[in-house]
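> quick one: sequence plus predicted model below, questions after.
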Amino acid sequence: MEPMKPMEPMKPMAPIKTDDSWWPEGLSSPSSSGGQNGLKYAFFPNQQRLAIERNGQVEQFDTGSHRISGVAQSQSGSGGGDPVFSADGANVALSDLRKVG
């Protein structure tokens, strides 16, 4: 009977590439992101940008000095109204932000 040959060392697994970013290229990593009622958002403090996706369309907004931390309760229960975001301890309506791009 032949002796067992040593096992070859295991090769490390390649990292799983998961790029599920839906926001436009050129924006850094968001500091906060999430969604509510069919709307997704991502806030990019370095660029002072808020990206939102709704109905398959992505839009960007200038947040100025606001630091978006989440989606507040929508003004419409169906998600069809103007979204409101939590920022700096207050609420900011999307209509209060300037659309860019």
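Thanks, I have the structure now.

> any idea how far K11 lies from M4?
From K11 across to M4, the span is 21 Å (C-beta to C-beta, to the nearest Å). All C-beta atoms are positioned from the backbone trio N, CA, C, and that covers glycine.

> ok, S95 - contacts?
S95 is in contact with D82, counting by C-beta atoms under 8 Å, 6 or more residues apart in numbering.

> surely it is within a helix?
Yes. Looking at S95 with DSSP: H, G, I helix; E, B strand; the rest coil, it is inside a helix.

> can you tell me the element the residue nearest to the spatial centre of the chain falls in?
The residue lying closest to the centre of the chain (C-alpha atoms, centre = their mean) is A42, at 3.1 Å. Element membership for A42, per DSSP states H and E: strand 39-44.

> in its sheet, what does the helix or strand following that strand sit against?
Following strand 39-44 in sequence order, the next helix or strand is strand 49-54 (DSSP H and E). Here strand 49-54 has these sheet partners by DSSP bridges: strand 39-44 (antiparallel), strand 57-62 (antiparallel).

> which stretches of this structure form strands?
Per DSSP state E, the chain carries strands over the ranges 32-36, 39-44, 49-54, 57-62, 68-71, 84-87, 90-93, 98-100.

> to W22, which of those lies closest?
Nearest of the strands of the chain to W22, taken as C-beta to C-beta: strand 49-54 at 5.4 Å.

> what residues does the closest one touch?
Contact partners of strand 49-54, identified using C-beta under 8 Å, 6+ apart, comprise 22-24, 27, 30, 38-44, 58-63, 68, 79, 83, 85, 94, 97, 100.

> now the angle between strand 32-36 and that strand, please.
Inter-element angle recorded for strand 49-54 and strand 32-36: 30 degrees (by axes from the mean of the first three to the mean of the last three C-alpha atoms, to 10 degrees).

> so for strand 49-54, mean pLDDT?
Averaging pLDDT along strand 49-54 gives 94.
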